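Undergrad: Let's see this in three dimensions:
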Amino acid sequence: MKPGLGSLPPGVGILLFLAFGYSQLHAAPISAAPTGGPEPLSFRELTTLASVDPPPADLARKLADLLSTPFISNEAAARDSASKPADAPSPGHMLRVAEWNINRGLNEREIELALAGSKGYLAAASRNPGLKAKDLSQAAREIHELAQADVIVLDEVDDGVKRTHYHNVARDLAKVLNMNYVYGVEFIELDRIYLGVKNMDVEDPFRNFDGEVFGLDPQRYLGLEGSAILSRYPIRGARMLRLPERYDWYHGEIKAISDLERLRRWTSQQLFEERIARQVRRGGRMAIVVDLDVPQSSTGVVTLVCPHLENYTNPKGRREQLDYVLRQIREISNPVILAGDFNTTGRTAQPINIRKEILKYVTDYHFWARQVFFWVTPVPGLGLAFRAADYIKNYHDPTAFSVPILLANHSRPLFQDLRKFRFSDGGMFNFDGNRKASYRHRGSTLADSNQRAWKGFAPTFSFQRTYHGLVGEYKIDWFFVKSPRRKGLPAPAEAASFAPFFGRTLPTVNTALGSRISDHSPITVSVPLGLPSYGPRHLGE
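TA: Numbers count the residues shown, from 1 in each chain. From the prediction side, this is the model:
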């Protein structure tokens, strides 16, 4: 049930009425961005891009355009359908946002059923013999929550790739949900083309062409993978931020894999049933910044900032990427929701080799300081005990405290940067953890916007095998919400007008069909466009 004016304390309704009227008078008129996007590359151009380094100047320019210009579709808004939530807008209206890394859209049909809250999903789940009645009931509640989303942030979304049947996954989902969408290209997948050209004994792969080339359909292959934002609101504009490169996905992947890396990949597959494959790509990590026309917000616009941080780097590299994003968005005066896959595992998935491992230890003063400490404190098993304590402390909680050298948490500085960050208008990200505003009433840092568990946060990513959750589960998908500051509205009411609550992780909807839809679970958060009614804290009392 959506909170309204009738449930607010006396006097606050008048304040909201005036604030709402102010926002309507000062909100800019709807000016939806035109539908369109950059020109995809032809298969011949993709072949050149895979095999010629550096690529020719004209192709390099087309590549740069493809990697810097988002695809925008306001077709739903143009049809005057689903461009706003169906219920009448009010100062108490909720903006509901979902985020989901959908693993390229490999299970597109199941994703469609889940996002639409379809009865077909529950029918399929009920046919799963391993699903208990209580889990089916939980799945029904979770897909209802997911179906309420006004905005959906999707990571790892394919367009024109064979593994997803050459579908434009973002467009397909937007059509099913009757939403507008933005799609930004993160990578151009070239692995099959690169390996095909490398292994050919002829120069022209199209010579004697009579069907597939390198196992791909050249008429349909685009090789695009990126992120998308689906919205019931019209899209005013969008831009892309290319993040600082912390791993070279082209040159790094075509290098010979060392014996140690082969061992690590074999171990990963055997222990966790995870296959780590080589991925030759052009492109790199990026963020999409999208302005949505939301008349009920304080400025008439809500800005979504959706980064996908590098997994093939260490926590320091991810922090540098996020700090770059923060510098680029500092001047935004709208309400802001920062949402995406931050890959906050505390470690790197980057390929390793013996030389790199040796240099890491030789130059790591933390490693040598630990050796000295344990040498001068000759307690049997002390080092192992500290390692175990550090693992337990950080497991599921990348925001946990950090004690340099002994109990380090290398992900913590990223969250400290977010907490200290100030927009030019004085706004800041909400780090509240109020029990009344958090799902299942678990307090502590960020509990209002991200679901807490008995230990740390509810994980959003897991390996196929986690040994009953003891290893291989991480909280890496996040929401951070900025409340705006405006003259003429008291600070407590101002902060409450865009304060997140009931941030949730939805793991059951991801698994109820018998196999995982994605290696990530979706997350959701609710944000009031007026004052919420669930507690006096937001009124400054």
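Undergrad: Quick one: end-to-end length of stretch 184-196, please.
TA: As for stretch 184-196, its first-to-last residue distance stands at 27 Å under the measure C-alpha to C-alpha, to the nearest Å.
Undergrad: pLDDT at the residue sitting nearest the centre point of the chain, what is it?
TA: Central residue of the chain (C-alpha atoms, centre = their mean): G340, 2.1 Å from the mean position. Per-residue pLDDT puts G340 at 98.
Undergrad: bridging residues for it?
TA: Beta-bridge partners recorded for G340 (DSSP bridges): W478.
Undergrad: Contacts only, for it.
TA: Neighbour list for G340: E99, V153, D155, S227, A287, C306, P307, H308, L309, D477, W478 [criterion: C-beta atoms under 8 Å, 6 or more residues apart in numbering]. Quick note: C-beta positions are derived from backbone N, CA and C, even for glycine.
Undergrad: Swap in 10 Å and give it another go.
TA: Contacts for G340 were tallied using C-beta atoms under 10 Å, 6 or more residues apart in numbering; they are 99, 101, 153-155, 227, 229, 287-288, 304-309, 322, 325, 476-480.
Undergrad: Which of those fall in helices?
TA: Within those, residues falling in helices by DSSP state H are L322, V325.
Undergrad: Strands - which of the contacts of G340 land there?
TA: In strands, defined here by DSSP state E, the members of the contacts of G340 are 99, 101, 153-155, 227, 229, 287-288, 304-307, 477-480.
Undergrad: Turn the buried ones among those into a named PyMOL selection, would you?
TA: Those of the ones in strands among the contacts of G340 that count as buried under 16 or more other C-beta atoms under 10 Å are selected in PyMOL with:
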select buried, resi 99+101+153+154+155+227+229+287+288+304+305+306+307+477+478+479+480
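Undergrad: Can you pull the phi/psi pair for the nearest residue to E473 once chain neighbours are set aside?
TA: Counting by C-beta to C-beta, 6 or more residues apart in numbering, P459 is the residue found nearest to E473 once chain neighbours are left out, at 3.9 Å. Here is the backbone geometry of P459 (degrees, to the nearest 10): phi -70, psi 150.
Undergrad: could you measure P459 against K475, distance?
TA: In this view, P459 and K475 are 5 Å apart by C-beta to C-beta, to the nearest Å.
Undergrad: Please enumerate the shared neighbours of these two.
TA: Counting by C-beta under 10 Å, 6+ apart, the shared contacts of P459 and K475 are Y395, H396, Q451, A453, T505.
Undergrad: Is the third one in contact with I523, as I believe?
TA: The reference is to Q451. Yes - here Q451 reaches I523: they are 7.3 Å apart, a contact under C-beta atoms under 10 Å.
Undergrad: Please verify my assumption that the residue nearest to E473 contacts S521.
TA: Yes - assessed by C-beta under 10 Å, P459 is found in contact with S521 at 7.8 Å.
Undergrad: now the end-to-end length of stretch 299-316.
TA: End-to-end span of stretch 299-316 (C-alpha to C-alpha): 35 Å.
Undergrad: I'd like the numbering to begin with 626 instead of 1 from here.
TA: I'll keep to 626 as the first residue from here, and by that count the last item is stretch 924-941.
Undergrad: Would you agree S923 is in contact with V961?
TA: No - the pair S923 / V961 is not scored as a contact, 11.6 Å apart, by C-beta under 10 Å.
Undergrad: So for these two, which sits in the more crowded spot?
TA: S923 (26 against 22; other C-beta atoms under 10 Å).
Undergrad: For G1052, see how far away that one is.
TA: From S923 to G1052 the distance is 11 Å (C-beta to C-beta).
Undergrad: Which ChimeraX command selects the buried ones in the shared contacts of P1084 and K1100?
TA: Applying 16+ other C-beta under 10 Å to these, the buried members can be selected in ChimeraX as follows:
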select :1020,1021,1076,1130
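Undergrad: wait, what's in contact with Y949?
TA: L866, R867, L868, P869, A912, P932 are the contacts of Y949 under C-beta under 10 Å, 6+ apart.
Undergrad: List the beta-bridge partners for V915.
TA: With DSSP bridges as the rule, V915 is bridged to A863, L929.
Undergrad: That one touches N699, doesn't it?
TA: No - if you go by C-beta under 10 Å, V915 and N699 don't touch, sitting 11.7 Å apart.
Undergrad: on that earlier part again, from the shared contacts of P1084 and K1100, which single one is nearest H790?
TA: Ranked by distance to H790 (C-beta to C-beta), those are led by T1130 at 29.1 Å.
Undergrad: Before we move on, what's the pLDDT of the closest one?
TA: Looking at T1130, its pLDDT reads 98.
Undergrad: Show me whatever sits in contact with both of V915 and N699.
TA: A658, N805, Y806, V807, S856, Y858, I860, R861.
Undergrad: so how many other residues sit close to the closest residue in space to Q946 that isn't next to it in sequence?
TA: Distances taken as C-beta to C-beta, 6+ apart put L868 closest to Q946, at 4.4 Å, once the chain neighbours are dropped. Applying other C-beta under 10 Å, we find 23 other residues in the vicinity of L868.
Undergrad: can I assume L868 is in contact with R943?
TA: Yes - with contacts counted by C-beta under 10 Å, L868 reaches R943, the gap being 9.5 Å.
Undergrad: list the residues that contact both of those two?
TA: Counting by C-beta under 10 Å, 6+ apart, the contacts common to L868 and R943 are R910, P932, L934, E935.
Undergrad: separation between the closest residue to M804 other than its chain neighbours and T660?
TA: Spatially, and ignoring its direct neighbours in sequence, M804 is nearest to L855 (4.3 Å; C-beta to C-beta, 6+ apart). L855 is 14 Å from T660, where distance means C-beta to C-beta.
Undergrad: Of these two, give the one with the bigger neighbour count.
TA: L855 (26 against 15).
Undergrad: Look up which residues are beta-bridged to that one.
TA: With DSSP bridges as the rule, L855 is bridged to I777, Y806.
Undergrad: in stretch 1039-1048, what's buried?
TA: Result for stretch 1039-1048 [16+ other C-beta under 10 Å]: buried residues L1039, F1040, L1043, F1046, F1048.
Undergrad: The helix or strand encompassing R907: how far from the chain's middle?
TA: Using DSSP states H and E, R907 sits in strand 906-908. From the chain centre to the centre of strand 906-908 is a distance of 19 Å (C-alpha atoms, centre = their mean, to the nearest Å).
Undergrad: Show residues contacting that strand.
TA: Residues from elsewhere that reach strand 906-908, judged by C-beta under 10 Å, 6+ apart: 666, 671, 674-675, 678, 680, 685, 688, 691-692, 810-816, 819, 848-851, 867, 870, 873-875, 877-878.
Undergrad: Which ones among these map onto helices?
TA: If you go by DSSP H, these have L671, L674, A675, A685, L688, L691, L692, D816, Y819, G877, E878 in helices.
Undergrad: Top of these by number of neighbours, please.
TA: Per-residue neighbour counts (other C-beta under 10 Å) across the ones in helices among the contacts of strand 906-908 peak at A675, which has 27 neighbours.
Undergrad: how far away is that residue from I913?
TA: Distance from A675 to I913, by C-beta to C-beta: 25 Å.
Undergrad: rewinding a little: between V915 and N699, tell me which one has more neighbours.
TA: Neighbour tally, V915 and N699, criterion other C-beta under 10 Å: the higher count belongs to V915, 29 against 22.
Undergrad: Who are the contact partners of the more buried one?
TA: Contact analysis of V915 by C-beta under 10 Å, 6+ apart lists 658, 695, 697, 776, 778, 805-807, 809, 853-854, 856, 858, 860-865, 927-931, 962.
Undergrad: hmm, try it at 6 Å
TA: V915 is in contact with V807, I854, A863, L929, counting by C-beta atoms under 6 Å, 6 or more residues apart in numbering.
Undergrad: thinking again about what came up before, could you spell out the sheet neighbours of the strand holding R907, each with its direction?
TA: According to DSSP bridges, strand 906-908 forms sheet pairs with strand 805-814 (antiparallel).
Undergrad: What are the contacting residues of the partner strand?
TA: By C-beta under 6 Å, 6+ apart, strand 805-814 touches 691-692, 695-699, 701-702, 786, 795, 799, 848-856, 860, 863, 865, 906-908, 911, 913, 915.
Undergrad: Great, nothing more from me.
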